[in-house]
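**Q** quick one, what's the 3D model for this:
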Amino acid sequence: RPGEAERKVIDEKVRKIIALKREVCTPENGKTFVVINQKGVDPMSLDMFAKEGVLALRRAKRRNMERLTLACGGVAVDSVNELTANDLGYAEHVYEQVLGEEKYTFVEGVKNGRSNTILIKGSNKHSIEQIKDAVRDGLRSVKNAIEDGGVLPGGGATEMSISLFLRERERQVTGKNKLGLRAFADAILAIPKTLASNSGFDPQESIIKLED
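**A** The predicted model follows:
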């Protein structure tokens, strides 16, 4: 429990935040104010904020604070002494919701959108891990496609194309190099053959149809 001197310091900080809230949130613009703090917020401060219609969220993790600034804009400040409207971020909706046994805070309608959160739900931990892996793989594929400026088809199409290219190249070389090209061309067909077999098709017949 804070002492009298400490209480005065805390109250002064809260008043500065409330003063900024009154400056930027008016009945005319209908805006509301949210304070998100990495550390705790004592009950008396929470009560002062609540009377002013300020939603105060405490004990936010550092990595979430970094994501919030990327999503909402604004600046994570260490002091309220020089706090201005330029330090504030923006979101259309901020609310808490209980899902299962956990309470989550949703921040929606942000303007920057440089950071987002995907909420994954599942019946058990194993299912959630599988979904996480699938989402992670998908996001990485999109990232790589954007950075590389192209995509490769799946289903064994890429390996089939490489094999055909190597066989065409084999006709242009002489000596033992032909054997190396032929061996690699045959080896890489293992992927489309396996896919065909797993799908219930005859591997050899499928490869012949693709070559034709």
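
**Q** show me where this protein has helices.
**A** Counting by DSSP state H, the segments of the chain that form helices are 4-24, 43-51, 62-72, 125-148, 157-170, 177-187, 190-198, 203-211.

**Q** out of the ones you listed, the one nearest residue 118 is which?
**A** Between residue 118 and the helices of the chain, the shortest separation by Cβ to Cβ is 6.1 Å, and it involves helix 125-148. Backbone N, C-alpha and C define where each C-beta goes, glycine included.

**Q** before we move on, the earlier item: which one of the helices of the chain lies nearest to residue 88?
**A** Once Cβ to Cβ is applied to the helices of the chain, the stretch that comes out nearest is helix 4-24, at 6.8 Å.

**Q** what sits up against that closest one?
**A** 2, 31, 33, 35, 42, 44-45, 48-49, 52, 54, 80-81, 83-85, 88 (Cβ atoms under 8 Å, 6 or more residues apart in numbering).

**Q** the helices of the chain into TSV, with extra columns for mean pLDDT?
**A** Conversion of the helices of the chain to TSV gives the following (pLDDT from 0 to 100):
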stretch	mean pLDDT
helix 4-24	89
helix 43-51	91
helix 62-72	89
helix 125-148	92
helix 157-170	91
helix 177-187	90
helix 190-198	92
helix 203-211	87
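
**Q** a markdown table for these, including mean neighbour count and distance to residue 118?
**A** Shown next, in a markdown table, are those (neighbours: other Cβ atoms under 10 Å; distance: least, Cβ to Cβ, whole Å):
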| stretch | mean neighbour count | distance to residue 118 |
| --- | --- | --- |
| helix 4-24 | 14 | 31 |
| helix 43-51 | 15 | 30 |
| helix 62-72 | 15 | 12 |
| helix 125-148 | 11 | 6 |
| helix 157-170 | 15 | 29 |
| helix 177-187 | 14 | 38 |
| helix 190-198 | 15 | 29 |
| helix 203-211 | 14 | 37 |
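
**Q** redo those helices as a markdown table? Include distance to residue 110.
**A** Output for the helices of the chain, formatted as a markdown table (distance: least, Cβ to Cβ, whole Å):
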| stretch | distance to residue 110 |
| --- | --- |
| helix 4-24 | 17 |
| helix 43-51 | 22 |
| helix 62-72 | 5 |
| helix 125-148 | 19 |
| helix 157-170 | 38 |
| helix 177-187 | 50 |
| helix 190-198 | 42 |
| helix 203-211 | 47 |
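
**Q** wait, which of these is closest to residue 97?
**A** Counting by Cβ to Cβ, and looking across all of these, nearest comes helix 62-72 at 16.1 Å.

**Q** that closest one packs against which elements?
**A** In terms of contact count using 3 or more Cβ pairs under 8 Å, 6 or more residues apart in numbering; DSSP states H and E, helix 62-72 is assigned the packing partners strand 102-108.

**Q** now the residue lying farthest from the centre of the chain: how far from residue 181?
**A** Here the chain reaches farthest from its C-alpha mean at residue 175, the gap being 52.8 Å by Cα atoms, centre = their mean. The spacing between residue 175 and residue 181, counted by Cβ to Cβ, to the nearest Å, is 11 Å.

**Q** measure the nearest residue to residue 93 once chain neighbours are set aside to residue 36 for me?
**A** By the measure of Cβ to Cβ, 6 or more residues apart in numbering, the closest residue to residue 93 outside its immediate chain neighbours is residue 108, 4.5 Å from it. Relative to residue 36, residue 108 is positioned 15 Å away (criterion: Cβ to Cβ).
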